[in-house]
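> My questions are about this predicted structure, shown below with the sequence.
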Amino acid sequence: MNAVPRVLSVAGTDPTGGAGIQADLKAIAALGGYGMAVVTALVAQNTMGIRAVHAPPVEFLRRQLDGVCDDVEVDAVKLGMLFDTAIVETVADWLGRVRPPALVVDPVMVATSGDRLLLPEAEAALMRLLGEVESDVLVTPNLPELAVLASAAPARTESDLSDQARVVASAYGVRVLAKGGHLDADHSDDVLVAPDGTTTAIPGRRVATRHTHGTGCSLSAAVATARVRHGSWEPAVREAKAWLTESLQAAGTLHVGRGRGPISHFAGLWSRAGTYAPPPVTGRPID
Ligand SMILES: Nc1ncnc2c1ncn2[C@@H]1O[C@H](COP(=O)(O)OP(=O)(O)OP(=O)(O)O)[C@@H](O)[C@H]1O
Ligand SMILES: Cc1ncc(COP(=O)(O)O)c(N)n1
């Protein structure tokens, strides 16, 4: 195994750096990996919302994917925004040829702002991709995405969330990290479900901040990186979750944008290196 995990993000862009490939590259670096990125779609967005999406021809996407893999041995791949059916099918075809050893699929569908990042007609193609892929896969849906994958109404309780995660894990033969960030709770627990239904709680403290832009992107890229070093999913998820909580804790110190700002990907590293120490936690929102 390479000393530094070589991790490829296949995702859309965020020029303000909080979500998409820009966030993924920071998360990969923060977890000690070497980040690479193939762009699926260019997104004109900021912390307040999405203004436009431009998807280059899929032939160009294929050239990017092949360009990386003809040259670099990739240890893990993370999929984010795939936008339309042609993009999903191009990525699925590439995965079938390349079979990366570890794959995290963040089934990005709708941004926090409510804008579509996967067209509704492309959901079926994404489900086909999940059913066909042969790598060791972790899927990381948030609550509404889990409901789409499970063909059910959005979960209202943690027990619904676990039930739906088991349905998806069994239907597609994949591991599922169902994220509880959208549940109205005083904690931020997630749940990890293996294809055989084994369920593990991943507890998380709730951070009082509105700056949660790109948390899902960052978490999935961090898990992909940690998975390479740990060689299995559960410790990777626990490490990435602890890092995410620390990065959320310092989000209010960044002052990036007027909407839901990004997390502070390097807060832990900066603090331990003495570069910059975030202010102490007061228990109130820190923004
Ligand atoms: N306020 C918070 N405090 C601590 N952890 C949080 C908070 N909000 C979300 N999380 C955690 O962040 C991760 C992403 O969760 P969420 O359910 O919001 O996913 P998402 O909707 O895909 O994220 P995104 O905001 O990028 O779309 C999960 O591990 C979740 O538990
Ligand atoms: C390119 C891209 N990928 C994913 C998200 C989702 O992140 P969020 O729900 O926090 O806006 C996003 N806004 N942009």
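Nice, I can see it. Ligands and ions are numbered 1, 2, ... in the order given.
> Flag every residue of the stretch 51-200 of the chain that's near ligand 1.
The stretch 51-200 of the chain has residues 112, 142, 179, 180, 181, 182, 188, 190 near ligand 1, with proximity defined as CB under 6 Å from any ligand atom. (C-beta placed from N, C-alpha, C; glycine too.)
> can I assume the second one is in contact with residue 177?
No - applying CB atoms under 8 Å, one finds residue 142 not in contact with residue 177, separated by 10.2 Å.
> between these two, which one's more packed in?
A side-by-side neighbour count of residue 142 and residue 177, using other CB atoms under 10 Å, places residue 177 first with 26 against 23.
> residues contacting that one?
Applying CB atoms under 8 Å, 6 or more residues apart in numbering to residue 177 gives the contacts 138, 139, 140, 190, 191, 192, 202, 223, 237.
> can you rerun that using 10 Å?
Residue 177 makes contacts with 104, 106, 138-141, 165, 190-193, 200, 202, 219-220, 223, 233-234, 236-237, 240-241, as judged by CB atoms under 10 Å, 6 or more residues apart in numbering.
> These in helices, which ones?
Using DSSP state H, 165, 219, 220, 223, 233, 234, 236, 237, 240, 241 are the members of the contacts of residue 177 that sit in helices.
> Would you format those residues as a markdown table with pLDDT and neighbour count included?
What follows is the ones in helices among the contacts of residue 177, written out as a markdown table (pLDDT from 0 to 100; neighbours: other CB atoms under 10 Å):
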| residue | pLDDT | neighbour count |
| --- | --- | --- |
| 165 | 98 | 27 |
| 219 | 98 | 26 |
| 220 | 98 | 29 |
| 223 | 98 | 29 |
| 233 | 98 | 21 |
| 234 | 98 | 16 |
| 236 | 98 | 25 |
| 237 | 98 | 24 |
| 240 | 98 | 27 |
| 241 | 98 | 24 |
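> Can you tell me which of the residues you listed is closest to ligand 1?
Set against ligand 1, the nearest of these by CB to the nearest ligand atom is residue 219 (4.8 Å).
> hmm, stretch 31-49 touching ligand 1?
No - using CB under 6 Å from any ligand atom, stretch 31-49 stays clear of ligand 1, coming no nearer than 11.4 Å.
> What residues does the stretch 1-150 of the chain have near ligand 2?
11-14, 19-20, 43, 45, 80-81, 108, 111-112, 117.
> try 8 Å this time
11-14, 18-21, 23, 41, 43, 45, 50, 80-81, 106, 108, 110-113, 115, 117 (CB under 8 Å from any ligand atom).
> Among those residues, which ones are in helices?
20, 21, 23.
> closest to ligand 2 among those?
Nearest to ligand 2 among these, with distances taken as CB to the nearest ligand atom, is residue 20, at 2.9 Å.
> Against residue 76, how distant is that closest one?
To residue 76, residue 20 is 18 Å away according to CB to CB, to the nearest Å.
> Kindly report the same for residue 255.
The separation that residue 255 has from residue 76, given CB to CB, amounts to 32 Å.
> Pick out whichever of those two has more residues nearby.
residue 76 (28 against 10).
> Do I have it right that that one meets residue 10?
No - with contact defined as CB atoms under 10 Å, residue 76 does not count as touching residue 10 (11.4 Å).
> what pLDDT does residue 179 get?
Reported pLDDT at residue 179 in the predicted model: 95.
> next one: the one 5 residues further on
As summarised for this prediction, residue 184 has a pLDDT of 78.
> going forward, begin numbering at 391 instead of 1
Got it, first residue is 391 now, which makes that one residue 574.
> show me the contacts for the spatially closest residue to residue 544 that is not a sequence neighbour.
Nearest in space to residue 544, with sequence neighbours left out and distances taken as CB to CB, 6 or more residues apart in numbering, is residue 537 at 4.3 Å. Contacts for residue 537 (CB under 10 Å, 6+ apart) come out as 531, 543, 544, 545, 550, 551, 554, 558.
> got the buried residues for the strand or helix carrying residue 453?
For residue 453, the host element (DSSP states H and E) is helix 448-459. Under the neighbour-count criterion of 16 or more other CB atoms under 10 Å, helix 448-459 has 448, 451, 454, 455, 458, 459 buried.
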